[in-house]
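A.B. asks: output the structure for:
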Amino acid sequence: MLETSANEIEALVERANALWMRAQRERTSRVELYAKLADRVRMERGPSMHRAREAGIALRTFTRDESRAAFASCPGLSNGAVDGAFSAGQRWVTAATPEPALVSGRRSDLDADLSLPSEVELLTWLRSSPSIAWVEAGTTTEVLIGPEGWVTARRRHRIWAMIRPDGDRLVAARGAPKWDEALQRCTAEYDPGGPTGASSSCSIACQTEAAAPIVNALVHRFHLSNAIGDLRVGPGWNVMDEPAHPAGLVGGVFDDAGFPTSPLKLSNGGALRTLEGTEGHLWRRSYREPPIPTPSNLIVGSRGLEEPEPCGFFARRCRVHHLTRAVWVLEFEPVGGGAPLFVRTSPERLIRACALGVGPARFTANGPCVPVMVFRGLQDENSPSA
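C.D. replies: Numbering: from 1, shown residues only. Here you go, the predicted model:
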């Protein structure tokens with residue numbers, strides 16, 4: 001099993017540089033090379049242990065005027081990976097992101113040296129906590145070499161666990177500085193808090209695991225497009241994108257195109273800001289895809305109250321079904337069990353219904369860091385139960 005020490009980082013940087021030089025010899029145009037190496041280990045009850053390794057490279061070659069970039073990728077970190085990427089044919093010709101200005105040398109954003117947990121450690125964690133169905137730890141290392149030869153290196157340790165006291169719930173946390181501390185942190189935050197009673201109010205209060213998919217859906221619908229117009233939003237829609245948040249599962253101090261990152265206020269309950277074309281917010285969903293405008297660590301603001309006002313429905317989970325671009329159906333699972341609540345709405349109505357966030361915000365396995373979120377008026381247009 002790979003130990004992600006300083007030596008391993010240097011080995012990957014050296015290997016990526018050799019591949020970049022090979023790619024440069026293959027093309028007269030300017031070349032960017034991205035290399036990724038990910039190792040994971042999972043222990044399930046049984047017990048059953050699984051190990052996995054993923055490695056791959058991505059190449060972007062830029063046109064002479066640097067207005068366009070062609071993209072190719074291939075699994076592996078061998079010379080054949082570069083040859084295979086080029087022989088497969090470059091695709092995804094897109095607008096080229098400008099090269100970061102005044103960048104030279106090497107920049108690093110590395111979680112501390114940390115080996116993946118052993119089989120004994122994984123078994124100990126399962127046996128000490130009957131509510132954990134499985135636990136998985138992983139380390140991802142990424143190296144980016146720009147057309148001028150500058151280098152960025154990033155390493156992230158992450159841990160996930162499936163909790164099953166009353167239904168499946170996935171929790172996650174950054175792994176540094178110790179795996180056992182990270183596991184305790186994310187499983188201790190399993191209970192999302194919030195009220196469990198209901199009133200005759202037409203408001204819907206979403207605990208963190210229910211609010212996270214709504215936040216993801218609304219951000220992708222309205223903050224990744226320049227077609228915002230004069231859209232009105234609810235006073236609770238206070239969203240920040242913080243790529244370098246120290247507890248964030250993704251992101252970092254530079255993005256996947258090499259630009260330095262900084263916090264970006266997407267909404268303060270009023271005007272919206274788009275991520276489209278924003279340097280410092282360009283990320284790759286995998287090595288098989290080029291960097292595109294993408295949210296990283298979404299942070300939803302809270303007014304800090306212990307509990308929201310009385311609500312008619314308290315949701316522990318939510319699934320967002322995109323029937324069409326204009327019609328969404330929200331499937332809410334109630335706290336304490338019972339029949340789900342189905343609400344048919346539009347993205348515009350949903351973002352206007354965001355009334356407030358209350359209580360502490362928590363990072364979720366889905367990504368966003370969210371408090372309990374209250375939506376008002378969504379049931380007015382529906383016969384909600386099914």
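A.B. asks: same question for stretch 286-304, mean pLDDT?
C.D. replies: Mean per-residue pLDDT for stretch 286-304: 90.
A.B. asks: buried sites along that stretch?
C.D. replies: The neighbour-count check on stretch 286-304 (16 or more other C-beta atoms under 10 Å) flags 287, 290-302 as buried. Heads up, the C-betas are built off the backbone N, CA and C, glycines and all.
A.B. asks: make a markdown table from those residues and add secondary structure and distance to L272 to it.
C.D. replies: As requested, the buried residues of stretch 286-304 are arranged in a markdown table below (DSSP: H, G, I helix; E, B strand; the rest coil; distance: C-beta to C-beta, whole Å):
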| residue | secondary structure | distance to L272 |
| --- | --- | --- |
| Y287 | coil | 31 |
| P290 | coil | 25 |
| P291 | coil | 22 |
| I292 | strand | 19 |
| P293 | strand | 14 |
| T294 | coil | 17 |
| P295 | coil | 13 |
| S296 | coil | 18 |
| N297 | coil | 18 |
| L298 | strand | 14 |
| I299 | strand | 16 |
| V300 | strand | 14 |
| G301 | coil | 14 |
| S302 | coil | 19 |
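A.B. asks: and those residues as a markdown table, adding distance to R344?
C.D. replies: Shown next, in a markdown table, are these (distance: C-beta to C-beta, whole Å):
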| residue | distance to R344 |
| --- | --- |
| Y287 | 38 |
| P290 | 36 |
| P291 | 36 |
| I292 | 30 |
| P293 | 29 |
| T294 | 28 |
| P295 | 26 |
| S296 | 31 |
| N297 | 31 |
| L298 | 25 |
| I299 | 29 |
| V300 | 24 |
| G301 | 28 |
| S302 | 28 |
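A.B. asks: roughly how far does A182 sit from V171?
C.D. replies: Per C-beta to C-beta, to the nearest Å, A182 is found 10 Å from V171.
A.B. asks: over to I351?
C.D. replies: To V171, I351 is 27 Å away according to C-beta to C-beta.
A.B. asks: next one: A85
C.D. replies: Noted for A85: a distance of 36 Å to V171, by C-beta to C-beta.
A.B. asks: need the contact list for D255.
C.D. replies: D255 is in contact with 243, 261, 279-283, 291, counting by C-beta atoms under 8 Å, 6 or more residues apart in numbering.
A.B. asks: what's the closest of those residues to R273?
C.D. replies: Nearest to R273 among the contacts of D255, counting by C-beta to C-beta, is H281 at 10.6 Å.
A.B. asks: how about that closest one, nearest residue that isn't a chain neighbour?
C.D. replies: Closest residue to H281 apart from its sequence neighbours, by C-beta to C-beta, 6 or more residues apart in numbering: L275 at 5.0 Å.
A.B. asks: now do the contacts for that neighbour.
C.D. replies: Listed by C-beta under 8 Å, 6+ apart, the contact partners of L275 are 223-224, 241, 264, 266, 281, 293-295.
A.B. asks: tell me if it really is in a helix.
C.D. replies: No. Using DSSP: H, G, I helix; E, B strand; the rest coil, the assignment for L275 is coil, not a helix.
A.B. asks: mean confidence (pLDDT) on the strand or helix carrying L144, please.
C.D. replies: L144 is part of strand 132-145 when elements are defined by DSSP states H and E. Strand 132-145 shows a mean pLDDT of 96.
A.B. asks: go on, stretch 184-195?
C.D. replies: Mean per-residue pLDDT for stretch 184-195: 64.
A.B. asks: for stretch 346-362, same thing?
C.D. replies: Mean predicted confidence for stretch 346-362 is 92.
A.B. asks: mind giving me the domain ranges of the protein?
C.D. replies: Here the domain assignment for the chain is 3-188, 204-381, based on automatic domain parsing.
A.B. asks: so where is this structure shaky, pLDDT-wise?
C.D. replies: 1-5, 28, 65-67, 88-103, 166-167, 189-202, 227, 229, 304-311, 380-386 (pLDDT under 70).
A.B. asks: how far off centre is the lengthiest helix in it?
C.D. replies: Taking DSSP state H as the criterion, the chain has its longest helix at helix 6-26. The chain centre lies 27 Å from the centre of helix 6-26; the measure is C-alpha atoms, centre = their mean, to the nearest Å.
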